[in-house]
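Visitor: I'd like to go over a predicted model; first the sequence, then the structure.
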Amino acid sequence: MGLALRGLQLKPSDTLLVRGASCGLGYAAVQIAHALGCRVIATTHREEYASLLRDYGANEAVFDTGTLAQTDVRASKALELVGPKTLRDTMANLLPGGICCNTGILGGIFTLDGFDPIKDIPNGRYLTGFFSNYPTQEVMDKIFAFVAEHGIGPNIAKVFSLESLSEALAMQESVGFQGKLVVTSD
């Protein structure tokens with residue numbers, strides 16, 4: 001799984017912290033890391049999503065209040081999907097030699113103002129990033145082969161017919177469902 005390994009260098013012996021795991025990419029990351037044999041700690045800002053994260057392969061689901069540094073959560077690798085809003089805190093939870101890959105902006109903050117790499121990256125830890133806008137056909141083929149081989153799939157909350165599009169849009173605006181809404185033309 002080249003993309004997962006590129007930014008994090010994941011190995012089966014790793015404990016992966018997925019910060020912001022209750023989004024579409026987060027559910028996929030949990031499944032991929034689980035399939036690779038990693039121990040997975042998944043965070044969510046909604047306590048009701050914890051059991052679903054465990055169903056998708058997380059060994060531990062943690063309610064995220066925005067600060068994990070005061071918890072006992074420690075990981076060798078971290079996938080930061082909340083982004084700059086929690087990046088410093090996530091880095092503080094890495095074990096020595098740990099790698100954090102920042103690739104998200106769920107927190108609504110897009111840059112790290114006042115970022116000081118000497119002070120903000122703990123000694124002996126590493127910060128990487130991942131930008132996925134230009135994958136090659138070879139990379140996509142590897143991803144789809146891995147997904148098929150390990151039975152990884154999306155978290156679908158509900159499927160709607162095209163005739164029920166207005167109902168799907170109303171549900172999208174509501175709170176309380178977990179997963180993606182799918183509209184089919186059948």
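Guide: Good, I have the coordinates.

Visitor: so for this structure, the centremost residue is which one?
Guide: Gly26 (2.8 Å; Cα atoms, centre = their mean).

Visitor: that residue reaches Gly20, doesn't it?
Guide: Yes: counting by Cβ atoms under 8 Å, Gly20 is a contact partner of Gly26 at 5.5 Å. Where you see a C-beta, it was placed from the backbone N, CA and C, and this is true even at glycine.

Visitor: for the two, list the residues in contact with both.
Guide: Both Gly26 and Gly20 are in contact with Leu81, where contact means Cβ atoms under 8 Å, 6 or more residues apart in numbering.

Visitor: does Ile156 have beta-bridge partners, and which?
Guide: Lys180 (DSSP bridges).

Visitor: so how many other residues sit close to it?
Guide: Around Ile156 there are 11 other residues, counting by other Cβ atoms under 10 Å.

Visitor: over to Gln172?
Guide: Neighbour tally, Gln172, other Cβ under 10 Å: 11.

Visitor: likewise Arg19?
Guide: Counted with other Cβ under 10 Å, Arg19 comes out at 32.

Visitor: quick check on it: phi, psi?
Guide: According to degrees, to the nearest 10, the main-chain angles of Arg19 amount to phi -90, psi 110.

Visitor: the closest residue to Ile105 other than its chain neighbours: what's it in contact with?
Guide: Excluding the flanking residues, the one nearest Ile105 by Cβ to Cβ, 6 or more residues apart in numbering is Gly83, at 4.3 Å. Residues near Gly83 by Cβ under 8 Å, 6+ apart: Gly20, Asn102, Gly104, Ile105, Leu106, Gly107, Ile109, Phe110.
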